[in-house]
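Q: structure for the following, please:
(chains A, B and C)
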Amino acid sequence: MAHSKKRHAQPPPEEKTPGKIIALLTDFGLQDAYVSSMKGVMLSINSSLNIVDITHEIQPYRIRQAAYVLWAVYNYFPQGTIFVNVVDPGVGSTRRIIVMKSKKYTFIAPDNGLLDFVVYQEKNVSSVEVTQASLKKLTTGDISSTFHGRDLIAPLAAYISNDVSIRQFGTPYQQPEVFSPFVSSRSDVAPMCVLNIDVYGNIITNLRSFEIEKSMKGIQAVSIGTNMVSKWIRYYDEAPENTPCLIVGSSGLVEISAKKNSAARFLRATLDSKLKVYWR
Amino acid sequence: MAHSKKRHAQPPPEEKTPGKIIALLTDFGLQDAYVSSMKGVMLSINSSLNIVDITHEIQPYRIRQAAYVLWAVYNYFPQGTIFVNVVDPGVGSTRRIIVMKSKKYTFIAPDNGLLDFVVYQEKNVSSVEVTQASLKKLTTGDISSTFHGRDLIAPLAAYISNDVSIRQFGTPYQQPEVFSPFVSSRSDVAPMCVLNIDVYGNIITNLRSFEIEKSMKGIQAVSIGTNMVSKWIRYYDEAPENTPCLIVGSSGLVEISAKKNSAARFLRATLDSKLKVYWR
Amino acid sequence: MAHSKKRHAQPPPEEKTPGKIIALLTDFGLQDAYVSSMKGVMLSINSSLNIVDITHEIQPYRIRQAAYVLWAVYNYFPQGTIFVNVVDPGVGSTRRIIVMKSKKYTFIAPDNGLLDFVVYQEKNVSSVEVTQASLKKLTTGDISSTFHGRDLIAPLAAYISNDVSIRQFGTPYQQPEVFSPFVSSRSDVAPMCVLNIDVYGNIITNLRSFEIEKSMKGIQAVSIGTNMVSKWIRYYDEAPENTPCLIVGSSGLVEISAKKNSAARFLRATLDSKLKVYWR
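A: Sure, this is the predicted structure:
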C-alpha cells in the first residue's frame, strides 16, 4: 500500500534499443499548441524519443500539486527516464532552471519547489543550474520570454536524451534541504494540506500511512473546513452511501472519498482547504 | 455506414517489427497520475510498446459507456492489439479480472460488463479468469487495494505483450451469454438507452441502423424525455437551425443531433435520459 | 520573440529510421472514440507511425482557432511531418479534401480555411484536391457520411506516410490567394480578432509584433468589448495584480494577460469578442 519503489523486474536486454523515454508534466492543458510545440522541438533533435504525458492538467501555477503528482508517478517509469516538468509562473524572470540526476532518473524543472517531493524521497541527487550561456548554445533561434518550456527546456531535454552530459549545461547546484512534505505521526512538523483532488473527487491529503492497520488505530478523524471525517474503509466500494470516508490510497496517502460520488464536491473542498488530523 | 469490420489491407511485412500496440480505455481522466503510472509500469516491462489512448474520459464508473466506446473503436485497430480497459468501481472487492481473446485481439477488463458489447459482436471468444496466485507472481511489490489498474492490470498487459500465454495467468472462464445491446427492429428486447453523448453534444442511442433508407422508412420518431425528434438528415450540415434531428452516425447507430449546437444541452439529455422509439 | 522558423539543427542521420510523424489536430475532444479510431486506422496501414497530438480541443467547428493553432506549432516539428487536420462542420457535404505540400511538410485538411494561416506563412505550396474516385481506392469498406476523419483522411494520411505520391490521390488544386490574417501596422486591412484563449485565460490576438520595443512604442492600447488595456509587460510575472496587461506571446502575437488569473474571465472575453487597436 505504501509508495513502493518500482516493483517490476527490468526486461531482458534486447537487440533493438527502443527510444529514450521523456515524461512530460505541465500545467499547459491540452487545448493549446504549448505541449505539442515542446514535442515537436524534442523530436526535431532526437526523433527516436518516446514521449509520455504524465499530465498537463495541473491547475495553473499549482507547483505543490505538480510536485505531488511527479512524486506519485516517477518510480513507476523505466530507469533512464527523463522527467520534464514545466509549471513555471516565473518564466522570463530570474528563476533558475535545474537539471537533477538521481540514481535512476533525470529531472528538469524550474527551481520553484516542483522537485521538492522527489528530492525528499531520493535523498541522493546531484544537480546543475543551467546557465544562460549554455542555454544560448542550445538554440540557434530567438528565445521568447514567455515560453521557456519550448525554447529552452525542450531542447535541453532532447540533448540530454542524446547522452550529452548535464555538466555541459550548467554549474553544480546544491538542492536546498527539504523537510518531509508528509505528516505521518503526531510529531511531524509539516502542515496538513490537500495535495490533489482526483477525477473522482477523492481528496488526497499529505497524511502518509505506512501501515493501514496502524493508521486506522492511530487516526481518529480528519477535519476539512467545518466537516469531520472519521469512518475508515479499505476499498472504495466498501463505503456506505452519502458518507465521506477515510481510505489509504494507491500512493500510501490518506484520502477522503465518497462512494460513487465526488467527496470534494460533497465537502466543497479545494486545493486550499484547511485540514486537521485528530490523533487517538 | 454500418459498423464494419476493419476495412484496410494489412501492410506488407517489414524487416523491423514495430512494438505491440496496447490501447488504453479508462475513466481516470488525464488530470492525475493514474494513466501515466500504468504507462510507466507497462514500459518498464516491455519498453518497445506503442501505447495508444482510446479515451480516459469515460464518465466515472459508467461501464456501459465504456463498453460502447470500446465496441465503436476496436475493429479499427491492427491485428494483435491488446485492449486494456479499466472502469472499475469494484476495485479491491471480489470482482474478477478477465483476459479474453478474439480471433484478432486480446482484451483485459474487470468482469463488470465492460466487454459485453465486444462479446456480443465477436461471438467466438475464449477467456481466462485471472487468479490471485498468478497475479502475485506478476509483481514483486505490494498490491494496493485501490489501484489494480497500475498494480495488476498494467503488468498483466505488458507480460501478455511479451508473448506470455494467457493460460499462465488464470483458469478458463466462460463468458456469460450476452443479449444484443442494440435495438434494430420492433421485436428487439433490449431497452432503449443513451450510449454516449459526444463532444459536439450528439446523443448516441442504441438504436442500430443497418441501412439508412430502411431506418428512415421504419422509424417515425424517437422521444427523449418529453421531447419528440422526427426529422431525419443524412449529414450534420443538412440539419435546419434549432431543430434536433435523427441521423445515422459513424458506428451505424441513430444519433440525435443539432446543427452546430449541442443537442444534449438543447434537450437536457444525459446518459440516464429515457428514450422511446416510434416505429411506423 | 517573433514566430521563427524551426531553430534546431537536424539530428545526424541514424542507422535505424524512426517512424514518420503524423501530427493530429481536431475538434473531436478526447472523450469519445473519434481520435483513437483515426489512430487505429492509420496504424493498421503503417504500424511504424509516430502519431503526435497537436490538440483535439479546438472549440467545436472553430476553424480559425484551428488555423491559428496549426500555424503556431507546425514549424517546430521535424521535416517530413504530415499534419492531419479535421475541423470539419461540412463533413458529408460537397466540401473538398486538400493535400498540400510545403518545402518541408505535408498538410491534409478540408478546404474550409483551416490551412489559411500556413498558406500565408509558406507562400510556396502545391496542392491536390482529393477526388472521390481516388478516395474509393483507398478503402475497401463503407464510407460514413459523418466521419471522413476516420474513413477518408486517416487512410489518406497513412498511405502518404508510406511514400505514396500525393498525385495519386487527386488533381492539382490552386490554393486561393490568402491575405495576411495579422495586423502589424496601421495600414493592415485584416480585422482585429481573438485567435485563441489559452488555458491560463490569456487572450491571444491577431496583432503581430515583430519587435517588442516597436510594438510598445507604436501601440497605445487595445480595447476589448468596453474595456481598454494599455499597460505593457515583458514577462507574465511582471504584471501588477488585478490589471490586464499587453504582452508579446511566444508566437509573436500580442496577448492580453492577467497575473495568475484568467484575463478572459476578468474581461468576459470569448473567441467572438470585438477588439480594436489604438496606434500612437
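
Q: following element in sequence after the least confident helix or strand in chain A by mean pLDDT, please.
A: Between all helices and strands in chain A, the lowest mean by mean pLDDT, DSSP states H and E belongs to helix A:132-138, at a mean of 75. Following helix A:132-138 in sequence order, the next helix or strand is helix A:148 (DSSP states H and E).

Q: now the helix or strand hosting residue A:35 - C-alpha only, CSV.
A: Per DSSP H and E: residue A:35 is located in helix A:34-45. Coordinates of the C-alpha atoms in helix A:34-45 are reproduced here as CSV (Å, rounded to 0.1, in the frame of the first residue of the first chain):
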residue,chain,number,x,y,z
TYR,A,34,2.1,24.5,-26.0
VAL,A,35,2.6,20.8,-25.3
SER,A,36,2.8,19.8,-28.9
SER,A,37,5.4,22.6,-29.6
MET,A,38,7.6,21.1,-27.0
LYS,A,39,7.1,17.6,-28.5
GLY,A,40,7.9,19.0,-32.0
VAL,A,41,11.1,20.6,-30.7
MET,A,42,12.2,17.5,-28.9
LEU,A,43,11.5,15.2,-31.9
SER,A,44,13.4,17.6,-34.2
ILE,A,45,16.5,17.0,-32.0
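
Q: check whether that helix contacts chain C.
A: Yes: judged by C-beta under 8 Å from any C-beta of the partner chain, helix A:34-45 and chain C are in contact via A:34, A:35, A:36, A:37, A:39, A:40, A:41, A:43, A:44, A:45. Using the backbone N, CA and C atoms, a C-beta is placed for each residue, glycine as well.

Q: closest one of the residues you listed to chain C?
A: Closest approach between these and chain C, by C-beta to the nearest C-beta: residue A:40, at 3.6 Å.

Q: domain map for chain A?
A: Domain segmentation of chain A under automatic domain parsing yields A:21-173, A:194-279.

Q: quick one: which of those domains is nearest residue B:202?
A: Nearest of the domains of chain A to residue B:202, taken as C-beta to C-beta: domain A:21-173 at 20.5 Å.

Q: got the residues of the stretch 1-150 of chain A near chain C?
A: Contact residues, the stretch 1-150 of chain A versus chain C (C-beta under 8 Å from any C-beta): A:16, A:19, A:27-37, A:39-41, A:43-48, A:51, A:60-61, A:89-93, A:139-142, A:144-147, A:150.

Q: torsion angles phi and psi at residue A:224?
A: phi -130, psi 120 (degrees, to the nearest 10).

Q: can you give me the end-to-end distance of stretch A:109-121?
A: Across stretch A:109-121, the terminal residues are separated by 17 Å (C-alpha to C-alpha, to the nearest Å).

Q: and it, is it in reach of chain B?
A: No: Stretch A:109-121 lies out of reach of chain B by C-beta under 8 Å from any C-beta, never closer than 11.8 Å.

Q: would you map the strands across chain A?
A: A:21-26, A:50-55, A:82-86, A:97-101, A:106-110, A:126-130, A:170-173, A:194-197, A:203-208, A:219-224, A:227-229, A:245-248, A:253-257, A:275-279 (DSSP state E).

Q: closest one to residue B:275 among those?
A: For the strands of chain A, the distance to residue B:275 is smallest for strand A:253-257, at 32.8 Å, taking C-beta to C-beta.

Q: which parts of the closest one are buried?
A: A:253, A:254, A:255, A:256, A:257 (16 or more other C-beta atoms under 10 Å in any protein chain shown).

Q: nearest to chain C, of the residues you listed?
A: Nearest to chain C among these, with distances taken as C-beta to the nearest C-beta, is residue A:257, at 23.6 Å.

Q: tell me the contacts of that closest one?
A: Shown in contact with residue A:257 (C-beta atoms under 8 Å, 6 or more residues apart in numbering or on different chains): A:200, A:202, A:203, A:233, A:236, A:239, A:244, A:245, A:246, A:247, A:263.

Q: scan those residues and report the most crowded one.
A: Counting neighbours by other C-beta atoms under 10 Å in any protein chain shown, residue A:203 leads these with 29 neighbours.

Q: who's the closest residue to it other than its chain neighbours bridged to?
A: Among residues not flanking residue A:203 along the chain, residue A:256 sits closest, at 4.1 Å (C-beta to C-beta, 6 or more residues apart in numbering or on different chains). Note on residue A:256: beta-bridge partners residue A:203, residue A:246, judged by DSSP bridges.

Q: sorry, back to before: list buried residues within the residues of the stretch 1-150 of chain A next to chain C.
A: Buried members of the residues of the stretch 1-150 of chain A next to chain C, scored by 16+ other C-beta under 10 Å, are A:19, A:27-37, A:39-41, A:43-48, A:51, A:60-61, A:89-92, A:139, A:144-147, A:150.

Q: intersect those with the contacts of chain B.
A: Among these, proximity to chain B is found for residue A:30 (C-beta under 8 Å from any C-beta).

Q: stretch A:185-201 vs chain C: in contact?
A: No: using C-beta under 8 Å from any C-beta, stretch A:185-201 never reaches chain C; the gap is at least 12.3 Å.

Q: give me the neighbour count for whichever residue of the stretch 151-280 of chain A sits closest to chain B.
A: Closest contact between the stretch 151-280 of chain A and chain B, by C-beta to the nearest C-beta, is at residue A:235 (2.7 Å). Using other C-beta under 10 Å, residue A:235 has 17 neighbouring residues.

Q: right, and it touches residue B:92 too?
A: Yes: using C-beta atoms under 8 Å, residue A:235 is in contact with residue B:92, at 2.7 Å.

Q: what residues are shared contacts of those two?
A: B:145, B:146.

Q: rewinding a little: what's the spacing between the residue of the stretch 151-280 of chain A closest to chain B and residue B:144?
A: 9 Å (C-beta to C-beta, to the nearest Å).

Q: and the closest residue to residue A:221 other than its chain neighbours, how many neighbours does it have?
A: Distance criterion C-beta to C-beta, 6+ apart; nearest residue to residue A:221, sequence neighbours excluded, is residue A:230 at 3.8 Å. For residue A:230, the neighbour count with other C-beta under 10 Å is 14.

Q: and the stretch 151-280 of chain A, which residues reach chain C?
A: When proximity is defined as C-beta under 8 Å from any C-beta, the stretch 151-280 of chain A approaches chain C at A:151, A:155, A:162.

Q: apply 10 Å and report the result again.
A: A:151, A:154, A:155, A:158, A:159, A:162 (C-beta under 10 Å from any C-beta of the partner chain).

Q: does the third one touch residue A:42 like I think?
A: This points to residue A:155. Yes: Residue A:155 lies in contact with residue A:42 (C-beta atoms under 10 Å); the separation is 7.6 Å.
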